[in-house]
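> Pasting the sequence and the predicted model now:
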Amino acid sequence: MALEVLTFVKASWIKPLWKQLGRITGERKKELDRLRDEFVDPEQLR
């Protein structure tokens, strides 16, 4: 089943998609860091 899901992904898309994922992950980390600066660290609330 997992292979069926990936059949629409072309090999030439992998590198740009991986790059975009890295960008999104970096932006998310920066946003969480800014929130931690303004509010209580959410990890402490657990």
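Received, thanks.
> Okay, residue 41 and residue 17: tell me how far apart.
In this view, residue 41 and residue 17 are 31 Å apart by Cβ to Cβ, to the nearest Å. Where C-beta positions appear, they are placed from N, C-alpha and C, glycine not excepted.
> should've said residue 40
Distance from residue 40 to residue 17, counting by Cβ to Cβ: 35 Å.
> Also residue 38?
Shown here: residue 38 relative to residue 17, a distance of 32 Å by Cβ to Cβ.
> Of these two, which one has the most company?
Each of residue 38 and residue 17 has its neighbours counted (other Cβ atoms under 10 Å); residue 17 has more, 12 against 6.
> element containing the more buried one, please.
Using DSSP states H and E, the element containing residue 17 is helix 14-38.
> what's the model's confidence in the next helix or strand after that helix, averaged?
Using DSSP H and E, the helix or strand that follows helix 14-38 in sequence is helix 42-45. The average of the pLDDT scores along helix 42-45 is 70.
> got it, and stretch 14-32?
pLDDT averaged over stretch 14-32 gives 93.
> Other residues contacting that stretch?
Contacts made with stretch 14-32 from outside it, assessed by Cβ atoms under 8 Å, 6 or more residues apart in numbering, are listed as residue 9.
> quick one: the most centrally placed residue in the chain and residue 19, what's the gap?
Here the mean C-alpha position of the chain is nearest to the C-alpha of residue 25 (Cα atoms, centre = their mean), at a distance of 3.4 Å. Using Cβ to Cβ, one obtains 11 Å as the distance from residue 25 to residue 19.
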